[in-house]
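# just a sequence and a predicted model for now, questions to come.
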Amino acid sequence: MVDFDKIWVEKYRPVTLNDIILDKRTLSVVKEFKDEIPNLLFVGNPGTGKTTLARILVNDVLGCNYLYINASDESGIDTIRHNITNFAQTKSFDGGVKVVILDEADGLTTNAQGALRNTMETYAKYCRFILTANYKHKIIPALQSRCQSLDIKPVVELAVKRCYNILKNENIKIPEEQKKKFIQLVKRHFPDLRKTINELQKNIIDSELCISSVNSDNELLEALYKKIASKQCLEARKYLIENEDRFQGDYDTLLANYLDFIYTSNISDIKKKETIAIIADHLYKSAFVVDKEINAFACLVNLENALH
């Protein structure tokens, strides 16, 4: 039997809203939920606490009956719809709302998401839905429009503080030469706090933090640059889609990192300035678009044109 008290990521999993690391705006919105919630869509990178936040809402805030379903674990939409129907078709004993937590909803096919939309509408009177997704652009607009969407983004300074407090609580010593590496490790894996905590625990030897090195992987950025420079923009898009897990589908951060990468390249200062202007424009537009992947691809097209 697994001893969860020995696994830090489980031992320090948040149990109340005050434990959640979120930006002030998102946290203030969540704290407004009392006895009732709308359908919600939590979007964010893996390990940022989307599922934990959903469970805290139903357990700590609403105190209601809920059904948890991981879309990637089920055999298909028919199974999901059957389980939801059995749960949602009746009122709860106290007359309050029921909640279905559908984890990794972006893993469902377009047709399955369409069927889910119909199911949500059928049981709207008695049931609310909390969907989680790593990639918002993989959720069909019809589902997005029926949910209040919240971007789940931890704050890096709070993530560093949380990790430091975990080490302190576990009586782990941090030698002076390890302090910089500790900060680098947290920022390297940010915003995936789950992975960060696991990595910290793996680097403990005799109750002391012993991080050998923290290397950033530029392989993806180098490959992206080469494809853009060789006028293979379509191949660049295909490459990014196939490797979304390497940057957690966070196209905004990818573009920002690409900008940093360009600074160290040997292209002219004029081209670097054009690159800055193009990426800045698309990062601004990203705040208003539904599909960030398409916005990023448009950015790649403009970057390709700027290089030639």
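Thanks, I have the structure now. Numbering: from 1, shown residues only.

# state the helix or strand in which Asn171 lies.
Under DSSP states H and E, no helix or strand contains Asn171.

# which one's the longest helix in this protein?
In the chain, assigned by DSSP state H, the helix with the most residues is helix 269-286.

# which SS class is Tyr68?
Here Tyr68 is recorded as strand under DSSP: H, G, I helix; E, B strand; the rest coil.

# got it, and the one 5 residues further on?
Assigned by three-state DSSP, the conformation of Asp73 is coil.

# how many other residues sit next to it?
Neighbour count for Asp73, taken as other C-beta atoms under 10 Å: 11. For every residue, glycine as well, the C-beta is placed using N, CA and C.

# still on that earlier bit, against which helices or strands is the longest helix of the chain packed?
helix 251-263, helix 292-307 (3 or more C-beta pairs under 8 Å, 6 or more residues apart in numbering; DSSP states H and E).

# which residues sit against the longest one?
Residues lying outside helix 292-307 but in contact with it, judged by C-beta atoms under 8 Å, 6 or more residues apart in numbering, are 135-137, 224, 228-229, 231, 233, 236-237, 240-241, 249, 251-252, 254-255, 267, 271, 274-275, 278-279, 282, 285-286, 289.

# correct me if wrong: Leu53 contacts Asp19.
No. Using C-beta atoms under 8 Å, Leu53 makes no contact with Asp19, being 10.0 Å away.

# who has more neighbours, the two?
Leu53 (23 against 14).

# residues in contact with the nearest residue to that one once chain neighbours are set aside?
Spatial nearest neighbour of Leu53, chain neighbours left out: Ile20 (5.8 Å); criterion: C-beta to C-beta, 6 or more residues apart in numbering. By C-beta under 8 Å, 6+ apart, the contact list for Ile20 reads 14, 27, 30, 49, 52-53, 56.

# closest to Asn165 out of the residues you listed?
Asn165 lies nearest to Pro14 out of these, by C-beta to C-beta, at 12.6 Å.

# that closest one: what secondary structure?
Assignment for Pro14 (three-state DSSP): coil.

# how far away is it from Phe33?
16 Å (C-beta to C-beta, to the nearest Å).

# do Val43 as well
Plainly put, Val43 is 17 Å away from Phe33 if you go by C-beta to C-beta.

# more neighbours, the two?
Between Val43 and Phe33, counted using other C-beta under 10 Å, Val43 has the larger neighbour count: 25 against 15.

# identify the residue nearest that one in space, chain neighbours excluded?
Distances taken as C-beta to C-beta, 6+ apart place Lys136 nearest to Val43, at 4.4 Å, with adjacent residues excluded.

# so the one you found makes contact with Cys147?
No. Under the criterion of C-beta under 8 Å, Lys136 makes no contact with Cys147, lying 10.6 Å away.

# which residues sit against stretch 50-70?
Contacts for stretch 50-70 (C-beta under 8 Å, 6+ apart): 13-17, 19-20, 22, 30, 33-35, 37, 40, 42-44, 80, 83-84, 87-88, 92-93, 96-104, 130, 132-133, 152.

# low-confidence ranges in the stretch 101-250 of the chain?
Applying pLDDT under 70 to the stretch 101-250 of the chain picks out residues 213-217, 248.

# neighbours of Ile262, how many?
Using other C-beta under 10 Å: Ile262 sits among 17 other residues.

# wait, doesn't it sit right on Glu274?
No. With contact defined as C-beta under 8 Å, Ile262 does not reach Glu274; the gap is 10.1 Å.

# isn't there a helix covering Lys91?
No. Secondary structure of Lys91 (three-state DSSP): coil, not part of a helix.
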